[in-house]
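Participant: Pasting a predicted model and its sequence here:
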Amino acid sequence: MLRPSGSLHAGTIHRLEPSLKEKALSLHLVPPPSPSPSPFSPPPEWSDLLSRMVPPTPFSTWEWQALWWKHFGQGKEWLALAVRHEGRVIALAPFYRDDQGNHLRLVGGEDLSDYLDILCQPGEEARVWELILDYLRSRPSGLEGLDLHCLPGHSPTLEVLPRLARDHDHAVRVELEEGCPQIELPATWQDYLLLLHRKDRHELRRKMRRAQSAPISLRFRQCSEEECAREDIKSFICLHRKSRPEKEGFMDERREAFFAEVASVFTRRGWLRLYTLEHEGGAAAAMLCFDYQGNVMLYNSGYDPAFSSLSPGIVLIANCLQDAISRRKARFDFLRGKEDYKYRLGGRDFPVYRIVVEGT
């Protein structure tokens, strides 16, 4: 039975009974985001633990996870856990029960989030995962294991969780899921160009010159304010659907509503920029980027195939890179996907993993 305990917001976290074997720690259930009064105001403990992640990512913010749950949580069971030590929250594990009902996954969904993990005070990962595994071994509501996607290559979870799970005779599978090409940004645009292979550098310059000298005038514009984002996200979604048939299939009505709300909430926080390559009659290409904690992340893009001869997508990325360098950003992250252009523009793979733990 659940009974009230301490809370992130008073009365909202419930201690799990019976008490677990790690007496110094206690495990609690965290209710899902409430639609009122302000679902996108993060609990202070969430923000504090997020700030300790190295590096923190927008996909682990309360805002992203609350929005994902609002739009995609139907039919799923929220089972987020908080770990307390002497009354203080030292870890948050934002889990939900999958559609099959037997595994815990991380809120955010592997099809929309690029990096996911628990939020944990550094140095406490082993004790926290031990407690979570102990809870799962009690087989609450028939849970059988964990299926964790999008774990970044530097996550302590990758070292701690498999070892602890194997120590308790669980079947464990660790898989390289995908790579996220990244660029460590230099001080100047010219320094960036020197990072590229000679052929790729020549090709990028050629495409930028061709776009600049095209009969139709193309103009680079960026939006980081909520007011312009309301219109620019519509243009982005339209171009995303136009780009390729698989992108049109991806951008269904639920995802369209999700991205529109992400644009609104994230521009309010200063975490999102929409970049557009415009012509007199509209937009030739658009990109949605996260601007978070000193890094720029290219989340998704779209272009009008009518302008494909001008390589508007590559030209827009080049302008975005110039902007990131001028604003002294540390890293440009292409996020998941092994498209060739990411590597021709200087990306180097950063690995992302999946851990499956069975037999809890």
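Facilitator: Thanks, I have it. Keep in mind the model is a prediction, meaning the values are calculated, not measured.

Participant: center of this structure, which residue is that?
Facilitator: Phe59 (3.1 Å; C-alpha atoms, centre = their mean).

Participant: Isn't that residue up against Glu110?
Facilitator: No. The criterion here is C-beta atoms under 8 Å, and Phe59 misses it with Glu110 at 10.5 Å. All C-beta atoms are positioned from the backbone trio N, CA, C, and that covers glycine.

Participant: which neighbours do these two share?
Facilitator: Both Phe59 and Glu110 are in contact with Leu116, Cys150, where contact means C-beta atoms under 8 Å, 6 or more residues apart in numbering.

Participant: give the contact list for the residue nearest to the centre of the chain.
Facilitator: Contacts of Phe59 (C-beta under 8 Å, 6+ apart): Gln65, Gly108, Ser113, Asp114, Tyr115, Leu116, Cys150.

Participant: now the helices for the protein?
Facilitator: Listed in chain order, the helices of the chain (DSSP state H) span residues 44-51, 62-72, 125-137, 156-167, 189-195, 198-212, 226-243, 245-250, 253-269, 312-326, 340-344.

Participant: possible to save these as TSV with mean neighbour count and mean pLDDT?
Facilitator: Shown next, in TSV, are the helices of the chain (neighbours: other C-beta atoms under 10 Å; pLDDT from 0 to 100):
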stretch	mean neighbour count	mean pLDDT
helix 44-51	16	92
helix 62-72	21	94
helix 125-137	20	93
helix 156-167	18	97
helix 189-195	14	98
helix 198-212	14	96
helix 226-243	18	93
helix 245-250	11	81
helix 253-269	18	95
helix 312-326	21	97
helix 340-344	15	97
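
Participant: out of those helices, which comes closest to Val356?
Facilitator: In terms of C-beta to C-beta, the element of those nearest to Val356 is helix 156-167, at 9.8 Å.

Participant: So which of the helices of the chain is nearest Met287?
Facilitator: helix 312-326 (5.7 Å).

Participant: how big is the angle separating the closest one from helix 226-243?
Facilitator: 140 degrees (axes from the mean of the first three to the mean of the last three C-alpha atoms, to 10 degrees).

Participant: packing partners for helix 312-326?
Facilitator: In terms of contacts (3 or more C-beta pairs under 8 Å, 6 or more residues apart in numbering; DSSP states H and E), helix 312-326 is packed against helix 189-195, helix 198-212, strand 219-223, strand 272-279, strand 282-292, strand 295-303, strand 331-333, helix 340-344.

Participant: a markdown table please, covering those and showing distance to Leu81.
Facilitator: Formatted as a markdown table, those follow (distance: least, C-beta to C-beta, whole Å):
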| stretch | distance to Leu81 |
| --- | --- |
| helix 189-195 | 43 |
| helix 198-212 | 46 |
| strand 219-223 | 38 |
| strand 272-279 | 29 |
| strand 282-292 | 25 |
| strand 295-303 | 27 |
| strand 331-333 | 28 |
| helix 340-344 | 35 |
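
Participant: Look up how far Ala286 lies from Lys234.
Facilitator: 10 Å (C-beta to C-beta, to the nearest Å).

Participant: same deal with Gly249?
Facilitator: 19 Å.

Participant: re earlier: for the helices and strands packed on helix 312-326, which one sits closest to Val89?
Facilitator: Among the helices and strands packed on helix 312-326, strand 282-292 sits nearest to Val89 (C-beta to C-beta), with 22.6 Å.

Participant: Would you give the sheet partners of the longest strand seen in the chain, along with the direction of each?
Facilitator: The longest strand of the chain (DSSP state E) is strand 171-184. Partners of strand 171-184 in the sheet, by DSSP bridges, are strand 331-333 (antiparallel), strand 348-358 (antiparallel).

Participant: now the ones you listed in JSON lines, with mean pLDDT and mean neighbour count?
Facilitator: As requested, the strands paired with strand 171-184 are exported to JSON lines (pLDDT from 0 to 100; neighbours: other C-beta atoms under 10 Å):
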{"stretch": "strand 331-333", "mean pLDDT": "98", "mean neighbour count": "21"}
{"stretch": "strand 348-358", "mean pLDDT": "96", "mean neighbour count": "18"}
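
Participant: Would you tell me which of those gets closest to Gly73?
Facilitator: strand 348-358 (21.2 Å).

Participant: what's in contact with the closest one?
Facilitator: 103, 114-115, 133, 144-153, 155, 157-158, 161-162, 165, 170-183, 333, 336.

Participant: Quote the end-to-end distance of stretch 85-103.
Facilitator: Terminal residues of stretch 85-103 are spaced 26 Å apart (C-alpha to C-alpha, to the nearest Å).

Participant: ok, how many other residues are close to Arg52?
Facilitator: Neighbours of Arg52 under the rule other C-beta atoms under 10 Å: 11.

Participant: Any figure for the gap between it and Arg163?
Facilitator: 22 Å.
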